[in-house]
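Q: Pasting the sequence and the predicted coordinates here, then a few questions.
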Amino acid sequence: MNRRQLLKRGVLAGLAVVGGPMLNLGRCRLLAAEPVEVSTAAVDAVMGSRVIDMLGLLTLDWPKLLRWHRMPQGFAEADYRQLERSGVNVFHPAVETSARDAWSGAMRWTAGWNHLLRSHGCFIARVDSPADLVAAPDRGKIGVVVGFQNANHFRTAGDVGAFYGLGQRVSQLTYNGANRLGSGCYEPVDRGLTPFGAEIVAEMNRVGMAIDISHCGERTSRDALAASRHPVLVTHSNARAVAAHPRNRSDEVIRAMASGGGVMGITVVRAFVGGRPAPTLDDVLDHFDHVARLVGVEHVGLGSDVDVTAIDPATGRVRSFYAIQGLDPVARVFQIADGLLRRGYGRRSVELILGGNFRRALTAIWHREPATPAAGREARRDPFCPAPHPRDPR
């Protein structure tokens, strides 16, 4: 079945509703909060990619997520279809660990994810290895990378291997404040990576866990980049040269990240996008442009820092943090792909940004296969599972 047939049948990611005249113009409409028009070339790029959002949340409704962790039967096919419609194949739904008892909080969070993932082999699967980045989408599943936005749950270097064994594959070194490893971006004085932080970096390198510096302070970021033998990620941040915000990364950090083979995911959080009087899709695209021009298109990706709707369940409206003019959270991957193509990026470059770059970096970091298979992985799809929407098999 070719792309035009998929579009006309309205099954493309569950989003597309197309008329013949629009197809002839190379455009199509996606059903989001409001109909969104993008090029068929953008749809081709998304559907031909294994899209990785390195800070993509399944939901911002935390009570709902915790219910899924406790009672996986609450995660229904409709929830799976909503994730599928986003165009994202692999999500990294990391959160900050508890400040009071980080180790216990991280243990509960990891156990919750593993309980959910083991119970939903039809719909979602834990991503443990480079092979899983391909296998989950190819089996019609949503891939989930388990990670944390802090490393304060590592009491000793031995905890790195223990959490790796439980499925954790990514960890930020710090959140916004200071911890035993280093300083976050909002610390008044950044004292850099501590000796304990250097020990944790070395152990993360040894076991094959990805280091994330998205929230680290400037000096701590530079120290971590210098200390790591493997690529270091900025899973979700933007360029400080485009929008001056302490959470955004300096050109010096971006260059050092790229020189080590790392990738930076661009976020759609309003405050980090910048733009006056209000941020727009073009302001988001400016961050992709800046990183690509500074260090090459091979070092930029997606790290949206939002779920697939951005809807506040209390109001039924898009949360103000994510209100970007011209960007519908439901269709954002398609709109970003469309915007990049419009700015002159080639199809191959867009596919690298959508997931190819993070896949390359994670493959280099996750240098060993796990001892146990990913939760929910099986040799072939259960015949009783709902069929996924067709995708380009490339």
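A: That came in fine, so what should we check first?

Q: burial of residue 317, as a residue count?
A: Neighbour count of residue 317, defined by other C-beta atoms under 10 Å: 11. (Each C-beta comes from the backbone N, C-alpha and C, glycine too.)

Q: got the contact list for it?
A: By C-beta atoms under 8 Å, 6 or more residues apart in numbering, residue 317 lies in contact with residue 311.

Q: quick one, phi psi at it?
A: Dihedral pair for residue 317: phi -120, psi 160, per degrees, to the nearest 10.

Q: Identify the bridge partners of it.
A: For residue 317, the beta-bridge partners under DSSP bridges are residue 312.

Q: for the stretch 151-300 of the chain, what are the low-confidence residue spans?
A: Nowhere does the stretch 151-300 of the chain drop to pLDDT under 70.

Q: any idea what residue 37 is structurally, helix, strand or coil?
A: Per DSSP: H, G, I helix; E, B strand; the rest coil, the local secondary structure of residue 37 is strand.

Q: Surely it and residue 27 touch.
A: Yes. Residue 37 lies in contact with residue 27 (C-beta atoms under 8 Å); the separation is 5.6 Å.

Q: neighbour-wise, which of those two wins?
A: Comparing residue 37 with residue 27 by neighbour count (other C-beta under 10 Å), the higher total belongs to residue 27, at 18 against 14.

Q: ok, now which ones touch that one?
A: 37-40 are the contacts of residue 27 under C-beta under 8 Å, 6+ apart.

Q: now it: how far from residue 208?
A: Distance, residue 27 to residue 208, using C-beta to C-beta, to the nearest Å: 43 Å.

Q: Can you check what pLDDT the model gives residue 35?
A: What the model reports as pLDDT for residue 35 is 80.

Q: Count the residues that sit near it.
A: 11.

Q: now stretch 91-111, how far from the centre of its chain.
A: 17 Å (C-alpha atoms, centre = their mean, to the nearest Å).

Q: for stretch 335-342, that is, sorry about that
A: Centre-to-centre, stretch 335-342 and its host chain are 18 Å apart (C-alpha atoms, centre = their mean).

Q: now do stretch 258-275
A: Centre-to-centre, stretch 258-275 and its host chain are 11 Å apart (C-alpha atoms, centre = their mean).

Q: What residues of that stretch count as buried?
A: For stretch 258-275, the neighbour count (16 or more other C-beta atoms under 10 Å) marks 258, 260-270, 272-275 as buried.

Q: do stretch 86-97 as well
A: Buried residues in stretch 86-97, counted by 16+ other C-beta under 10 Å: 86-95, 97.

Q: Endpoints of it, how far apart?
A: Start-to-end span of stretch 86-97 (C-alpha to C-alpha, to the nearest Å) is 27 Å.

Q: Would you mind checking the average pLDDT for it?
A: Confidence for stretch 86-97, expressed as mean pLDDT, is 95.

Q: likewise stretch 304-312?
A: What stretch 304-312 shows for mean pLDDT is 95.

Q: Quick one: distance of that stretch to the chain centre.
A: Centroid separation for stretch 304-312 versus its chain: 12 Å, with C-alpha atoms, centre = their mean.

Q: what distance separates the start and the end of it?
A: From its first residue to its last, stretch 304-312 covers 17 Å (C-alpha to C-alpha).

Q: Show me which positions of that stretch end up buried.
A: 304-311.

Q: and the residues you listed, which of them are in strands?
A: With DSSP state E as the criterion, strands contain residue 311 from among the buried residues of stretch 304-312.

Q: Please enumerate the strands of the stretch 1-150 of the chain.
A: Remark: strands assigned in the stretch 1-150 of the chain by DSSP state E, counting those that start in this stretch are 16-17, 27-30, 36-39, 52-53, 90-91, 124-126, 142-144, 146-148.
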